[in-house]
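Colleague: Have a look at this prediction, sequence included:
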Amino acid sequence: MGQASYRIVRHDDGWAIDHDGKVMGSYATKEAAFESAAGAASNAIKDGYGITIEVPQRAPGEAAIGGKAV
């Protein structure tokens, strides 16, 4: 089948998923973007693909789930 990649990326004031070079979705937190990517990756596995999910480390001042620190 092949390999599918999902990368959580900063997008506008939130987060999005870069899936094989195409940025999609708009999420308030990095965690929400990850959960969506995990669901899509689960379907890709069922279709026979290998998958990679990449999530960036927390930036200074960023909350653990990727929103703004309070």
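Modeller: Looks like it came in fine.
Colleague: pLDDT below threshold where in this protein?
Modeller: Scanning the chain with the threshold set as pLDDT under 70 gives 66-70.
Colleague: So which residues of it form strands?
Modeller: Secondary structure of the chain by DSSP state E: the strands cover 3-11, 14-19, 22-27, 50-54.
Colleague: deepest of the ones you listed, which one?
Modeller: Across the strands of the chain, averaging neighbours per residue (mean count of other CB atoms under 10 Å) puts strand 14-19 on top, at a mean of 20. For the C-beta atoms, the positions are set from N, CA and C on the backbone; glycine is no exception.
Colleague: Could you list the paired strands of that one along with their orientation?
Modeller: With DSSP bridges as the criterion, the sheet partners recorded for strand 14-19 are strand 3-11 (antiparallel), strand 22-27 (antiparallel).
Colleague: Compare the strands of the chain and give me the one nearest residue 38.
Modeller: strand 50-54 (6.7 Å; CB to CB).
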